[in-house]
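# Just the structure for this:
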Amino acid sequence: MVESFSLWGFLWALPVLVVDRRFAAVRKEAEARHVANLEASLTAKH
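Now for the predicted structure:
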């Protein structure tokens, strides 16, 4: 019972982890772009 549950848990968690990693990378990229835009607008004002 426990072994079959852990196997299904692993099979279920694997795509979730992959998607979460990809989402984290995209979010980091968007955050870096946002910071760059913010810095550009701040330097343009000064």
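
# Determine how far the helix or strand where A13 lies lies from the middle of the whole chain.
Here A13, judged by DSSP states H and E, is contained in helix 2-45. Centroid separation for helix 2-45 versus its chain: 0 Å, with CA atoms, centre = their mean, to the nearest Å.

# how about low-confidence regions in the chain?
Applying pLDDT under 70 to the chain flags the ranges 1-5.

# Quick check, central residue of it?
Closest to where the C-alpha atoms of the chain average out (CA atoms, centre = their mean) is A24, at 0.9 Å.

# now that one: how far from L17?
Distance, A24 to L17, using CB to CB, to the nearest Å: 10 Å. No exception for glycine: its C-beta is placed from N, CA and C like everyone else's.

# just L42 next, same as before
In terms of CB to CB, L42 sits 37 Å off from L17.

# Identify the residues contacting V18.
Contacts for V18 (CB atoms under 8 Å, 6 or more residues apart in numbering) come out as none.

# can you tell me how far it sits from F10?
Applying CB to CB to V18 and F10 gives a distance of 13 Å.

# Repeat that for A24.
20 Å.

# Then S41?
Counting by CB to CB, the separation of S41 from F10 is 46 Å.

# Can you report how many residues neighbour L38?
Neighbour count for L38, taken as other CB atoms under 10 Å: 10.

# same check, this time on L14
For L14, using other CB under 10 Å, the count is 10.

# Also V16?
Using other CB under 10 Å, V16 has 9 other residues around it.

# can you check R21 too?
Residues contacting R21 under the criterion other CB under 10 Å number 10.

# any idea how far S41 is from it?
From R21 over to S41 (counting by CB to CB), the distance is 31 Å.

# cool, and E31?
From E31 to S41 the distance is 16 Å (CB to CB).
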